[in-house]
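Asks: Predicted structure and sequence below. I'll ask about it afterward.
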Amino acid sequence: ADKIDLIPQDFFAELCEQIIQHLNHKIPGVNTAELCQRMQTSGIEITVGDLEKIANVISFLFSTAARNSLCTEELVTTLGNAVSTLPKHAVQVIRHVWNERGKSISVSEDATSMATVGQFVDMKWKLGVATSSDSCRSLKFPYVTVMLKVADPSGQITYKSFEMTIPQFQNFFRQFKEMAAVLETV
């Protein structure tokens, strides 16, 4: 509640909207890193970790309310009984967002079974050449660096990066070609 109190109403509303969009499978996840950076630029002292915790709590709140088919007043009453220290502006935003968009949250068995798997968002790659190291003067060793942008099951955007040698990349590419061939038959 103390951390939520730091977040201005407009940023909190944006966070809630992104969470609703994620729960409706309109966006792959909530980009807390980008939102946190914008908050910090405007002078709000909050960490990405704190914002992720808040996003997880609000996501749990909305998904539980959807599963239990709560109307706006039931949600606000339940919230008021459970959390008396929640800032008034946060309760107002939650009330407004749930009233406007809460009924759109689809609760399906498919969605709950997919909840344990992350979702691919984007991929970036670059080709590099290691020219030297502390143990070898002239390497001239090519490698591929891949950075994956993934929405984890809670909707948080995370980045995973790794490097591959050229033979590893060729194996990676071959496996992707195999997947594409199998997808063509479906």
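Replies: Arrived safely. These numbers come from a predicted model, not from an experiment.
Asks: Every contact and neighbour count from this point should use C-alpha atoms.
Replies: Will do.
Asks: distance of the residue nearest the centre of the chain from residue 55?
Replies: The central residue of the chain, meaning the one whose C-alpha is nearest the mean C-alpha position (Cα atoms, centre = their mean), is residue 156 at 2.1 Å. From residue 156 across to residue 55, the span is 8 Å (Cα to Cα, to the nearest Å).
Asks: Tell me where this structure has helices.
Replies: 2-6, 9-23, 32-41, 48-67, 72-82, 88-101, 109-114, 166-185 (DSSP state H).
Asks: Turn these into a markdown table, including mean pLDDT, distance to residue 150 and mean neighbour count.
Replies: Formatted as a markdown table, the helices of the chain follow (pLDDT from 0 to 100; distance: least, Cα to Cα, whole Å; neighbours: other Cα atoms under 10 Å):
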| stretch | mean pLDDT | distance to residue 150 | mean neighbour count |
| --- | --- | --- | --- |
| helix 2-6 | 84 | 25 | 14 |
| helix 9-23 | 91 | 13 | 20 |
| helix 32-41 | 92 | 13 | 16 |
| helix 48-67 | 88 | 15 | 17 |
| helix 72-82 | 79 | 31 | 14 |
| helix 88-101 | 89 | 25 | 17 |
| helix 109-114 | 44 | 14 | 10 |
| helix 166-185 | 87 | 18 | 11 |
